[in-house]
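**Q** From the sequence below, what's the structure:
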Amino acid sequence: MLITALFSRLLLKKRIRKAQGISLLLLTVGVVLCNYQPTDAAASTSDSASRLRGLAATLGIAVASGFAAVYTERVLKAERPVAAAAADRAEYSLAYMQVQLASVSLVVMGTYAVCTDHAALLEHGLWHNFSGPAFLSVANSGLGGLMVAAVLKYADAVLKGYATAVSVVLTGFLSMLLFGTTLSVQYLLGIVNVIIAVILYNAKDLDRLLC
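**A** Alright, predicted model coming up:
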């Protein structure tokens, strides 16, 4: 979220109020607490190296995801001449841009699948074990992509990050209700942080109360 806000400031020149900056910090801490998993104190050197690689990969994903979200928002909200917008409305619609993005993903993931699972694809075919639940999962991902595009166009990338954080909280509650998962104290503290961050981000006239 912090990286997304930074890119939003650099690429879109958006001003972040003091209260929103504090909210972003609280939200980051809340998400970290929700995903915190205690480790064994007697972990080996190889485990430590694996955690460092995981941390580096997480930071890389955060930078790439933040830049992609903000740049996509910039493209969706780009100002165009009125005449061109009227003539090419279908070309610049949300659905059209999502198809463009999906086409790139299809090429990348298709190449990866062919390189790693070509033997299984040749033996069983592309649709092997593609059942009803799998279709529902794909449809849900497609609808989620359209919703994300709508959020980027009519709200912003930072609010998308807040929605993602709230989804982490809801996932924990649903996991507890459906699968009996025990929520730790750290997770509950993370929930409190996320709720406070959401309220603080949308609060008005708080900057005058801050130093």
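
**Q** residue furthest from the geometric center of this protein?
**A** In terms of distance from the mean C-alpha position of the chain, residue 123 ranks first, at 35.3 Å (Cα atoms, centre = their mean).

**Q** how much space between that one and residue 98?
**A** Look at residue 123 and residue 98: by Cβ to Cβ, to the nearest Å, they are 33 Å apart. For the C-beta atoms, the positions are set from N, CA and C on the backbone; glycine is no exception.

**Q** cool, residue 127 as well?
**A** 23 Å.

**Q** Kindly report the same for residue 184.
**A** Distance of residue 184 to residue 98, given as Cβ to Cβ: 37 Å.

**Q** Kindly report the same for residue 186.
**A** Separation of residue 186 from residue 98 (Cβ to Cβ) stands at 36 Å.

**Q** so where's this protein uncertain?
**A** 38-48, 79-95, 205-211 (pLDDT under 70).

**Q** what about the helices in it?
**A** In the chain, the segments counted as helices under DSSP state H are 2-12, 18-34, 45-76, 82-87, 94-124, 132-154, 157-179, 185-202.

**Q** can you pull the buried residues of the second one?
**A** Looking back up the chat, that one is helix 18-34. 19-24, 26-28, 30-31, 33-34 (16 or more other Cβ atoms under 10 Å).

**Q** Pick the one among those residues closest to residue 71.
**A** residue 24 (19.3 Å; Cβ to Cβ).

**Q** Is it correct that the closest one is in contact with residue 3?
**A** No - counting by Cβ atoms under 8 Å, residue 24 does not reach residue 3; the two are 10.1 Å apart.

**Q** What's the local residue count around residue 185?
**A** 8 (other Cβ atoms under 10 Å).

**Q** change the start of the numbering to 58 and stick with it
**A** Sure thing, new numbering starts at 58, so read that last one as residue 242.

**Q** Check the gap between it and residue 94 for me.
**A** In terms of Cβ to Cβ, residue 242 sits 13 Å off from residue 94.

**Q** next one: residue 63
**A** Per Cβ to Cβ, residue 63 is found 27 Å from residue 94.

**Q** out of these two, which sits in the busier spot?
**A** Neighbours of residue 63 and residue 94, each counted by other Cβ under 10 Å, are more numerous for residue 63; the result is 16 against 6.

**Q** For the more buried one, give me its contacts.
**A** residue 123 (Cβ atoms under 8 Å, 6 or more residues apart in numbering).

**Q** related to what we said a few turns ago, looking at residue 184 and residue 155, which one has more neighbours?
**A** More neighbours surround residue 155 than the other of residue 184 and residue 155, with 16 against 8 (other Cβ under 10 Å).

**Q** quick one, phi psi at residue 239?
**A** Taking degrees, to the nearest 10, you get phi -90, psi 120 for the backbone angles of residue 239.

**Q** what do you get for residue 185?
**A** phi -60, psi 130.

**Q** cool, the one 3 residues further on as well?
**A** Here is the backbone geometry of residue 188 (degrees, to the nearest 10): phi -90, psi -180.
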